[in-house]
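1. Fold the following and give me the result.
(one chain, ligands or ions: 1)
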Amino acid sequence: MTDTTPWVPVALSTSIEPATSAGTRIDGVEYVVWRDDEGKPHVWEDRCPHRGMRLSFGFVRGDQIACLYHGWRYDSAGQCRHIPAHPDLDVPKTIKVPTFAVAEAGGLIWMAPSESADQLSLPALPNDLLSVRSLYVDASLEFCRDQLATNCPPHMAEIEISVLSPFCLQLDAGDKVLVIALQPVATDRTALHVLASGQVSTEARVELAIWTAGLRFMLEHSFAKAA
Ligand code: FES
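-> The predicted model follows:
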């Protein structure tokens, strides 16, 4: 990513509970997405500065996360605050995990390069979106985005498709709205985070979840054929 990369979706809001963490990837780089006890989201490099253990395997304690391996504990700014083997040590300021700007909007957690986050705007999304599911597809983000524009979900025969950002599509069919946020996990792997407007019935959301399973098959099949 560069400093001008727009906000990238990294998870459905509902998939990260308070005081939990999960690992994810963008363009092959590993990140930890975690929430503190109060529910505030954080996105960091998923690597402990001590010996490289993934912090996504760690434990959230209040507004800090502790590494699973030797228990080094980091505050919400990524600064190491406690080393169990040296409890009286004034931990050097240089022991710090790289952190990234994070935002939560439209039922999604987003991250951006910290230096430029203030100048970047998040896609304007409806405020009544509900999670449908996230699915992981073995195809590139660009391929998924192009194909999605030609495959209508159920109950949305006449749709208008808007590209809200390089990482977000909105499908409108009257009072029904579907948002698909695309996360470039790796060159040929993409996460699709699917949300529907609160005006979509529970039954329709179940049908959408089933549609996404078929969608993954279609995307992977046509991507493999095109390769
Ligand atoms: S690897 Fe994280 S504390 Fe040692």
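2. For the rest of this, base every contact and every neighbour count on C-alpha atoms.
-> Noted.
3. Angles on the backbone of Ala149, please.
-> Dihedral angles of Ala149 (phi, psi; degrees, to the nearest 10) stand at phi -70, psi -10.
4. Val10 contacts Gly23, doesn't it?
-> No: contact between Val10 and Gly23 fails when scored by C-alpha atoms under 8 Å: they sit 9.7 Å apart.
5. Now stretch 169-178: buried residues?
-> Leu169, Gln170, Leu171, Asp172, Lys176, Val177, Leu178 (16 or more other C-alpha atoms under 10 Å).
6. Centre of the chain to the helix or strand where Phe217 lies, how far?
-> Using DSSP states H and E, Phe217 maps to helix 202-226. How far helix 202-226 lies from its chain's middle: 19 Å, per C-alpha atoms, centre = their mean, to the nearest Å.
7. for stretch 32-49, same thing?
-> Here stretch 32-49 shows a centroid-to-chain-centroid distance of 12 Å under the convention C-alpha atoms, centre = their mean.
8. again with stretch 181-190
-> Mean-position distance between stretch 181-190 and its chain equals 10 Å (C-alpha atoms, centre = their mean).
9. Return the set of buried residues in that stretch.
-> Buried residues in stretch 181-190 (16+ other C-alpha under 10 Å): Ala181, Leu182, Gln183, Pro184, Val185, Ala186, Asp188, Arg189, Thr190.
10. What's the mean pLDDT across that stretch?
-> For stretch 181-190, mean pLDDT rounds to 97.
11. what does stretch 52-61 give?
-> 98.
12. Stretch 34-47 too?
-> For stretch 34-47, the per-residue pLDDT values average out at 98.
13. which residues touch that stretch?
-> Residues outside stretch 34-47 that contact it (C-alpha atoms under 8 Å, 6 or more residues apart in numbering) are 16-23, 30-33, 53-56, 60-64, 76, 78, 97-104, 109, 111.
14. Can you list the low-confidence ranges for the protein?
-> For the chain, the stretches with pLDDT under 70 are 1-5, 113-119, 151-157.
15. per-domain residue ranges of it.
-> Following automatic domain parsing, one finds the domains of the chain at 8-119, 129-226.
16. and the residue sitting furthest away from the middle of the chain, how far is that from the ligand?
-> Each residue of the chain has a distance to the centre, and by C-alpha atoms, centre = their mean the biggest one is for Asp88: 37.2 Å. According to C-alpha to the nearest ligand atom, to the nearest Å, Asp88 stands 16 Å off from the ligand.
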